[in-house]
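Peer 1: Next comes the sequence, and after it the predicted model I'd like to discuss.
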Amino acid sequence: MVEILIPRPAATVLALRDRPEGFEVLMLRRNLNSDFVGGAYVFPGGGVDNADAGSAAQSLALGITDEEASRRLGLEAGGLAYYVASLRELFEEAGLLIACTPLGEPVRLDDPDVVRRMTAHRRAVNGGTMGFVEMMERERLFLDLRGLAYLAHWVTPQGPPRRYDTRFFVALAPDDQIAAHDEGETIADQWLRPADALAAHERGEFEMIFPTIRNLEAVANFASSREVLEYANSLASVARIEPRMLTRDGQIVILLPGEPGYDD
């Protein structure tokens, strides 16, 4: 009997910024040697760690309670860990920190000394010599979840060696910070309009996986980052999407719930 892997909880975030030609989303290229979608462009994100659900991490979250987060995600409990994980991963993988002071004032990281200190902190966190929560406590910062909006819920289909149960969020990128890939799990970073990323993929110049493509399609027609956030916040509920992979005439076909053949 083939073992069916239980998907690991994960969170990812579409970091957005506005430009005169339209809003852009931050995308990172996975390391070519990665055993999961190596070489593909993705949004910053990763697995939800035990620490994300710990009391220390959740005490540093401002703007939403676990009860509220769980209700939004359709869970009985533990929803806040996904919100925490999304911003932790954004910092670790892209160097962007959406945080605020104990008084709720957004933190600005445009002072050179602060930038150097936070850069060192990021290296320590990614190197495993400092925990993310420890860094936040040392800097007396709180994760600012007030602008984080829940967009989508995708589950890796049965078959791949790794499976994730991923919640997708959207957030405005801090305008005083510069995104940078971590040179480990990710090897490149790029800001792109969703339509440009999709067009590059169609030309075979920009590798992306199915959920990334579909989430870009979901927001591509909006004119600004604010419109994307308003759309995500307006969703009464977010459907759980678990594609199915079938082989037809020697070709792999991906089916979504509701499509002909999905329930066969």
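Peer 2: Good, I have the coordinates.
Peer 1: pLDDT on stretch 207-218, on average?
Peer 2: Per-residue pLDDT values over stretch 207-218 give a mean of 94.
Peer 1: And the contacts of that stretch?
Peer 2: If you take C-beta atoms under 8 Å, 6 or more residues apart in numbering as the criterion, stretch 207-218 is touched by 14, 25, 37, 39-43, 151-152, 154, 166, 168, 194, 197-198, 201, 241, 243, 254. Placement of C-beta: from N, CA and C, glycine included.
Peer 1: Low-confidence stretches in the stretch 101-250 of the chain?
Peer 2: Within the stretch 101-250 of the chain, the segments meeting pLDDT under 70 span 159-161.
Peer 1: And the helices in it?
Peer 2: Along the stretch 101-250 of the chain, counting by DSSP state H, counting those that start in this stretch, helices occupy 112-127, 132-138, 194-202, 210-219, 225-234.
Peer 1: For PyMOL, what selects the buried ones among the contacts of stretch 207-218?
Peer 2: The PyMOL selection below is limited to those of these classed as buried (16 or more other C-beta atoms under 10 Å):
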select buried, resi 14+25+37+40+41+42+43+151+152+154+166+168+194+197+198+201+241+243
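Peer 1: quick revisit: is it possible to get TSV of the helices of the stretch 101-250 of the chain that adds distance to Asp18?
Peer 2: Converted to TSV, the helices of the stretch 101-250 of the chain look like this (distance: least, C-beta to C-beta, whole Å):
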stretch	distance to Asp18
helix 112-127	23
helix 132-138	27
helix 194-202	13
helix 210-219	13
helix 225-234	5
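Peer 1: Would you mind telling me which of those is nearest Ala173?
Peer 2: Of all these, helix 225-234 sits nearest to Ala173, with 8.5 Å by C-beta to C-beta.
Peer 1: Kindly export that closest one (C-alpha atoms) in CSV.
Peer 2: Only the C-alpha atoms of helix 225-234 are listed here, as CSV (Å, rounded to 0.1, in the frame of the first residue of the first chain):
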residue,chain,number,x,y,z
SER,A,225,-1.7,46.9,-3.8
ARG,A,226,-4.6,48.4,-1.8
GLU,A,227,-7.1,46.9,-4.1
VAL,A,228,-5.5,43.4,-3.6
LEU,A,229,-5.7,43.8,0.2
GLU,A,230,-9.3,45.0,0.0
TYR,A,231,-10.2,42.0,-2.2
ALA,A,232,-8.6,39.5,0.3
ASN,A,233,-10.2,41.2,3.3
SER,A,234,-13.6,41.1,1.5
